[in-house]
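Trainee: Coordinates for the following, if possible.
(chains A and B)
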There are 2 protein chains.
Amino acid sequence: MAERPLILICNDDGITAPGIRNLIEVMNELGEVVVVAPDSPQSGMGHAITITGILRCDAVSIDDGPQLEYKCSGTPVDCVKLAVNEVLERKPDLIVSGINHGSNASINVIYSGTMSAAMEGCLEGIPSIGFSLCDFAWDANFKPALPFIKKIASKVLAEGLPQDVVLNVNIPKYIEGQEYKGIKMTRQCRGNWEEEFDARQDPRGRGYYWLTGKFVNYDSKTDHDEQALKDYYISVVPTKSDLTAHQEMAQLRAWNL
Amino acid sequence: MAERPLILICNDDGITAPGIRNLIEVMNELGEVVVVAPDSPQSGMGHAITITGILRCDAVSIDDGPQLEYKCSGTPVDCVKLAVNEVLERKPDLIVSGINHGSNASINVIYSGTMSAAMEGCLEGIPSIGFSLCDFAWDANFKPALPFIKKIASKVLAEGLPQDVVLNVNIPKYIEGQEYKGIKMTRQCRGNWEEEFDARQDPRGRGYYWLTGKFVNYDSKTDHDEQALKDYYISVVPTKSDLTAHQEMAQLRAWNL
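Mentor: As a prediction, this is how the structure comes out:
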């Protein structure tokens, strides 16, 4: 890499979220940074794209750092598509998404706008990483995680990533005075959200719902991301875009449909 | 199964789309049908869920079939969550999503509301299938596909599906007078959308974009869904919710982060 690496930053909590501001701070140490991020929160948008409406993307200045920034009216995946195809003058060397306010471990990877943005980068053939802190608070303490984020991003800049693989990095909520134990390369835990809809009535007497729920770990083993996080390790799950259930193929082919 | 199987139907094109109306017709032959589907088109919503707004879900009568129907203001995944947790009195025996107007083969599986609804069913532990016809037309000819859809759904009702596996069924656009060649169990093709943003100015002179693009097949082999469809076979890809790149794990662990 002759010139300084070009790093694209996206997220799903919106361009002003503390998580992305912390990520920008670290990435400014590693390369030329361009931010293309949603102008409003886009949590839970998964891999949604905007096909029935228009997209806005406008330059914006949020702090006095060296990065260039653009706010976009679309989803996290729209941001990456727009950045790579319209905003950036060359293909970025790295795409980082986050730091998400809240866990994207286990099945959250599927619902996560943060991880979908990183996955989209991977689909574009660019080494990509999603970072999440398991702390929903707006004023969460991101600082102790930053050296680990820098280490992982530096390694990916130096080594690249296997084809069609993106990294899902989750960081435990920081406990005051307790140092993180290190980084664990692990696998996605089997689990899911069990919903409890909160049914209400509007002032006109018409019913509506709020989606709520709690995460349930269904995994019978302990070699997974949820356990690594519980053990206070930073969890890295190599995540892929080929969803084919290759292992189950023979069993299903025997159906002779 | 002592009683008639309970079948939940969802889609992403909206409850009035011809694709879902055709699917309802077939499923009425196989069991008790309940439809919970979006009240408006939700294509490209991926695995998005509604967490910052409310959800409406109201009974509706669209034709004179025996099915019960509900239109929902949310995404396809919201529909499945609401159906399983609030609308249905017992766990359904099968969830079918579609018939989508347009292909969900290859990487489309990631963007697809139709497939995300089916994946959500799978996450709830219910045998689930997504059906798509590779024809975007509102008046596409679904009829020749129906016997195949019935065959696949019947087989899944009889056999179940492996844990954490959902079927992604794609059907070629029907060519008048040419019979489908059969069903192929295959894998997700490597491919992606190459975007071409259409940049315009609004009447006030402010810029905006429309997302457009074309699918590009990056796969060097031919044992995949895109080829099966090209060969006029109905493609069935067993698709899973564990996105871990297990094969690349050893290589990445050697980084010793």
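Trainee: For A:Lys91, give its distance to A:Asn85.
Mentor: Distance, A:Lys91 to A:Asn85, by C-beta to C-beta, to the nearest Å: 10 Å. Every residue, glycine included, has its C-beta placed from N, CA and C.
Trainee: tell me, how many neighbours does the residue nearest to A:Phe148 when sequence neighbours are not counted end up with?
Mentor: Counting by C-beta to C-beta, 6 or more residues apart in numbering or on different chains, A:Ile234 is the residue found nearest to A:Phe148 once chain neighbours are left out, at 5.1 Å. Counted with other C-beta atoms under 10 Å in any protein chain shown, residues neighbouring A:Ile234 total 23.
Trainee: Next up, the contacts around A:Ile234.
Mentor: Counting by C-beta atoms under 8 Å, 6 or more residues apart in numbering or on different chains, A:Ile234 makes contact with A:Ala145, A:Phe148, A:Val169, A:Asn170, A:Ile171, A:Pro172, A:Tyr180, A:Gly182, A:Ile183, A:Lys184, A:Ala228.
Trainee: For the helix or strand of chain A with the lowest mean pLDDT, name the packing helices and strands.
Mentor: For chain A, the helix or strand with the lowest mean confidence is strand A:191-195, at a mean of 91 (criterion: mean pLDDT, DSSP states H and E). Strand A:191-195 sits against strand A:213-217, with contacts defined as 3 or more C-beta pairs under 8 Å, 6 or more residues apart in numbering or on different chains; DSSP states H and E.
Trainee: Partner strands of the strand it packs on and their direction?
Mentor: When pairs are called by DSSP bridges, strand A:213-217 turns out to pair with strand A:191-195 (antiparallel).
Trainee: Okay, buried residues for the strand it pairs with please.
Mentor: A:Gly191, A:Asn192, A:Trp193, A:Glu195 (16 or more other C-beta atoms under 10 Å in any protein chain shown).
Trainee: Same check on stretch A:44-53?
Mentor: So stretch A:44-53, judged by 16+ other C-beta under 10 Å, has buried residues A:Gly44, A:Met45, A:Gly46, A:His47, A:Ala48, A:Ile49, A:Thr50.
Trainee: again, but for stretch A:120-127
Mentor: So for stretch A:120-127, counting by 16+ other C-beta under 10 Å, buried means A:Glu120, A:Gly121, A:Cys122, A:Leu123, A:Glu124, A:Ile126, A:Pro127.
Trainee: Mind checking which of these are in helices?
Mentor: Counted as lying in helices by DSSP state H, out of the buried residues of stretch A:120-127, are A:Glu120, A:Gly121, A:Cys122, A:Leu123.
Trainee: can I get those residues in a markdown table with pLDDT and distance to chain B?
Mentor: Below are those laid out as a markdown table (pLDDT from 0 to 100; distance: C-beta to the nearest C-beta, whole Å):
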| residue | pLDDT | distance to chain B |
| --- | --- | --- |
| A:Glu120 | 97 | 9 |
| A:Gly121 | 97 | 11 |
| A:Cys122 | 97 | 10 |
| A:Leu123 | 96 | 5 |
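Trainee: Tell me the buried residues within the contacts of A:Ile234.
Mentor: Buried among the contacts of A:Ile234 by 16+ other C-beta under 10 Å: A:Ala145, A:Phe148, A:Val169, A:Asn170, A:Ile171, A:Pro172, A:Tyr180, A:Ile183, A:Lys184, A:Ala228.
Trainee: Which of those fall in helices?
Mentor: A:Phe148, A:Ala228.
Trainee: Mind picking the one among the buried ones among the contacts of A:Ile234 that's closest to chain B?
Mentor: Using C-beta to the nearest C-beta, A:Ile183 is the member of the buried ones among the contacts of A:Ile234 that lies nearest chain B, at 4.3 Å.
Trainee: That closest one pairs with what?
Mentor: Taking DSSP bridges as the rule, A:Ile183 bridges to A:Ile234.
Trainee: So what's the residue count around the residue lying closest to A:Phe142 once chain neighbours are set aside?
Mentor: In space, A:Phe142 comes closest to A:Asn22 once its chain neighbours are excluded; the distance is 4.1 Å by C-beta to C-beta, 6+ apart. Per other C-beta under 10 Å, the neighbour tally for A:Asn22 reads 21.
Trainee: next one: A:Glu89
Mentor: 6.
Trainee: For it, give me the pLDDT.
Mentor: Per-residue pLDDT puts A:Glu89 at 95.
Trainee: again with A:Met1
Mentor: So A:Met1 comes in at 50 (pLDDT).
Trainee: what ranges do the strands span in the stretch 51-200 of chain A?
Mentor: A:57-59, A:68-72, A:94-101, A:128-133, A:165-171, A:183-185, A:191-195, A:198-201 (DSSP state E, counting those that start in this stretch).
Trainee: Of all those strands, which one is nearest A:Leu6?
Mentor: strand A:94-101 (7.8 Å; C-beta to C-beta).
Trainee: Just the C-alpha atoms of the closest one, please, in CSV.
Mentor: Provided in CSV are the C-alpha atoms of strand A:94-101 (Å, rounded to 0.1, in the frame of the first residue of the first chain):
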residue,chain,number,x,y,z
LEU,A,94,-11.2,-1.3,4.5
ILE,A,95,-14.8,-0.8,5.6
VAL,A,96,-15.6,-0.6,9.3
SER,A,97,-19.1,-0.3,10.7
GLY,A,98,-20.1,0.7,14.2
ILE,A,99,-19.2,0.9,17.0
ASN,A,100,-22.8,-0.3,17.5
HIS,A,101,-24.5,0.6,20.8
